[in-house]
Every structure is written in structure tokens, then in C-alpha cells.
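Undergrad: okay, predicted coordinates and the sequence, questions at the end:
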Amino acid sequence: MKRWQMNGIGRDRLTLAEVPMPVAGPGEVLVKVAAVALNYRDKLVIEGGMGLPLDFPFTPGSDLAGSVVGLGEGATRFRVGDRVISTFAPGWIDGAPLGDARTPPYRTLGGAHPGVLAEYVAFPEDWLVRAPEALSDAEASTLPCAGLTAWFALVERGRLRAGETVLVEGTGGVALFGLQIAKAHGAKAIVVSGSAEKLARARALGADHGIDRTAEDWVEAAWRVTADRGADHILELIGGPHLARAVQTAAINGRIYQIGVMEGFDIAAPAGPLMLKNVTLHGIGVGHRRALEDLVAAVDNAGIKPVIDARYPMADLPAALDHLDRGPFGKVVVEVA
């Protein structure tokens with residue numbers, strides 16, 4: 001079979017290799033991969049390693065959709081022919097994240113564990129969930145990281161309610177899932193972007209307000225469109241010092257979900273409004289399997305449709321990564337099958 005793998009850090013170390021097909025061991029299932037959705041995290045791993053203990057040759061990618069084609073001894077969760085998607089953090093089934101204070105959990109697919117940019121993978125059956133019936137393989141592949149991150153923040157941690165206001169920064173995969181989840185729950189949605197064209201597309205998806213950060217101070221604009229109330233929920237997708245802007249924008253008792261690190265891992269914010277507005281800051285490390293199963297049920301029942309900006313054949317992974325660099329509207333998907 002074919003599999004993308006790295007023999008070192010850097011895009012120039014990526015090769016599409018011919019390797020033996022894996023065999024499902026005890027408790028495992030063999031999956032024929034149909035599609036893999038890319039994440040910004042994949043870029044960080046490929047280009048810099050993220051300080052992770054990568055075992056070379058290493059296969060990147062975490063988010064697959066495919067079909068079960070083989071069962072190992074004792075595997076009972078799925079049958080041959082079932083459509084499945086991967087879980088981002090294998091072993092995190094429910095409850096608190098794995099790990100401890102000294103060693104935070106980060107054993108993920110395409111991180112500490114080998115990834116999914118391959119024609120076939122053999123994984124423990126607990127690492128997979130059933131795919132939504134309403135989505136294609138390409139669409140379903142966008143749920144394990146981007147979809148679950150937005151769901152885990154707003155629903156699992158934030159207990160989002162109708163009538164509240166959700167603000168998302170940008171128009172990438174997590175942001176657009178946040179917009180769609182907000183509308184599915186009867187909430188109002190504000191999208192901040194530097195592109196008037198992308199804001200128009202976000203409004204077509206249901207955004208109540210679009211703020212062009214290149215045309216005005218977006219914090220002032222967010223105060224204005226909420227009559228100074230601010231946003232109840234903010235998906236903070238930038239990182240670094242940008243957290244300060246989210247704190248300014250937050251409503252009294254607002255919640256900020258720290259997700260993105262595009263401007264750095266060291267975040268900063270003013271203590272005054274953080275304390276006086278009683279703002280809660282949540283660190284979001286994607287989410288557990290049970291929440292992913294809840295998201296799958298919501299997708300099938302609420303009609304949430306992932307936004308895919310571009311699809312690339314498996315051999316064109318470098319071009320797909322270039323598209324990720326340019327800032328897609330929604331997701332970039334590699335079609336394997």
C-alpha cells in the first residue's frame with residue numbers, strides 16, 4: 001500500500017512510500033482509509049515536530065474516515081463494512097483527560113502515535129467511532145479534530161444555550177464548526193475575519209454579524225453589535241498576545257476557549273477585565289470519544305454540514321499543505337481512496 005511518511009523533520013523529508021499492508025492484531029480493526037482532513041497541527045508536526053517523540057519513519061495526520069475491511073481476534077465494536085472515523089486522542093474515552101500535572105496528555109494520532117495518511121491502518125477498535133450517516137467520507141473526516149474541538153468547547157464545556165452569543169475568530173475549520181454549532185443551538189454568531197469575501201460566505205452559512213478586522217477595531221465592533229454586552233462564548237483561535245482582545249470582548253461571566261497557537265504558545269491578557277468580568281478561560285485539547293459520538297449524533301439530527309474548501313488526491317499532499325498555509329475557508333481534505 002501507499003503511505004506518506006517522514007524520515008526527519010521538515011516538508012522536504014516527506015515521501016509517499018510503498019509499504020506492506022498492516023494486519024489487524026487482537027482487538028484491532030483494519031480500516032481502508034477514504035479521506036483525511038488536514039489540521040494546522042499537522043503543519044506544526046511536519047515542519048517542526050512540536051517537541052513530540054516521533055518514531056521515524058513517521059506518518060502524519062490524525063483525522064480519517066474510512067471503512068472497516070478486517071477484524072482482529074476479539075474485536076467486537078464494528079463489523080466489516082462499517083464506516084468509521086478516528087478519535088484524535090486514543091484512549092481518552094470520557095471524563096478527565098489522561099495524564100497528570102507534570103506530564104499533560106498529548107498522545108494523539110499523528111503526534112505520539114503514528115498517523116493516518118495511508119491507504120490502510122490497523123488500530124485498536126476503541127480508537128474509532130461510527131461515521132455520521134448523513135456525511136460523505138470527506139465531510140466525515142473533518143469531525144475528529146476541528147469539529148470536536150468546537151463542539152467540546154461550546155457544548156461539553158460551555159453548555160451553550162439558545163440566545164447566547166458566540167464569537168469566532170477567522171474562517172478556518174474550527175471557526176466554521178463553531179458558527180454552525182452556535183446556530184444549531186439557537187445562539188447568535190459573530191465572525192471576525194480579515195477578508196470581506198470570506199465574511200460574505202460566513203453570512204451565507206448563518207452568521208448574524210461579520211466584522212472585518214482590517215476595516216475597524218473588531219473589539220469595538222463586537223461591543224457595538226451586542227449593545228456593549230459582549231460575547232458569551234469566544235473561540236480564541238490565534239494564540240499569543242491575542243488572548244487580550246478576547247478578554248476585552250467577553251461578556252460578564254463570559255467564557256473563552258483557548259484553542260489556537262498561530263501567534264505563539266505563550267499567551268497574555270490583562271488581569272483587570274479578566275477578574276472584574278468574571279471571565280472563565282478554558283484550555284481545549286480537542287475532546288474525548290464520548291463527545292465525538294455526541295457530535296456524530298448531532299450532525300445526523302441537526303443537519304450540520306462541514307465546509308470543505310478544497311480536496312486533493314493523496315499524491316498531492318504537498319499542494320494540500322500549501323493550501324493550508326494560505327488560510328482555507330473551512331477544511332482541506334486529502335482523498336485517499
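TA: All right, it came through fine. Residues are numbered from 1 along each chain as shown.
Undergrad: which residue ranges of the stretch 201-337 of the chain form strands?
TA: Secondary structure of the stretch 201-337 of the chain, counting by DSSP state E, counting those that start in this stretch: strands at 209-212, 231-236, 250-258, 280-283, 308-313, 331-335.
Undergrad: name the SS class of the closest residue in space to residue 304 that isn't next to it in sequence, please.
TA: Excluding the flanking residues, the one nearest residue 304 by Cβ to Cβ, 6 or more residues apart in numbering is residue 180, at 5.0 Å. Heads up, the C-betas are built off the backbone N, CA and C, glycines and all. Per DSSP: H, G, I helix; E, B strand; the rest coil, the local secondary structure of residue 180 is helix.
Undergrad: do a quick rundown of the strands in the stretch 51-200 of the chain.
TA: Going by DSSP E, counting those that start in this stretch, the stretch 51-200 of the chain shows strands at 63-71, 83-86, 120-124, 128-130, 165-169, 188-193.
Undergrad: skipping adjacent residues, who's closest to the most far-flung residue of the chain relative to its centre in space?
TA: Largest separation from the mean C-alpha position in the chain: residue 73, at 32.0 Å (Cα atoms, centre = their mean). Closest residue to residue 73 apart from its sequence neighbours, by Cβ to Cβ, 6+ apart: residue 26 at 4.6 Å.
Undergrad: any idea how far residue 76 is from that neighbour?
TA: 12 Å (Cβ to Cβ, to the nearest Å).
Undergrad: what sits against the spatially most central residue of the chain?
TA: Nearest residue to the geometric centre of the chain (Cα atoms, centre = their mean): residue 146, 1.7 Å. When contacts are counted by Cβ atoms under 8 Å, 6 or more residues apart in numbering, residue 146 touches 37, 39, 63, 172-174, 177, 331.
Undergrad: just these: which are in helices?
TA: Per DSSP state H, helices hold the following members of those: 173-174, 177.
Undergrad: turn those residues into a markdown table, columns for neighbour count, distance to residue 238 and pLDDT.
TA: Formatted as a markdown table, the ones in helices among the contacts of residue 146 follow (neighbours: other Cβ atoms under 10 Å; distance: Cβ to Cβ, whole Å; pLDDT from 0 to 100):
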| residue | neighbour count | distance to residue 238 | pLDDT |
| --- | --- | --- | --- |
| 173 | 30 | 15 | 97 |
| 174 | 29 | 11 | 98 |
| 177 | 28 | 17 | 98 |
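Undergrad: reformat these as TSV; add distance to residue 224.
TA: As requested, the ones in helices among the contacts of residue 146 are arranged in TSV below (distance: Cβ to Cβ, whole Å):
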residue	distance to residue 224
173	28
174	25
177	26
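Undergrad: so which of those is the closest to residue 122?
TA: residue 173 (27.0 Å; Cβ to Cβ).
Undergrad: you'd agree that closest one is up against residue 144?
TA: No: taking contacts as Cβ atoms under 8 Å, residue 173 lies outside contact range of residue 144: 11.1 Å.
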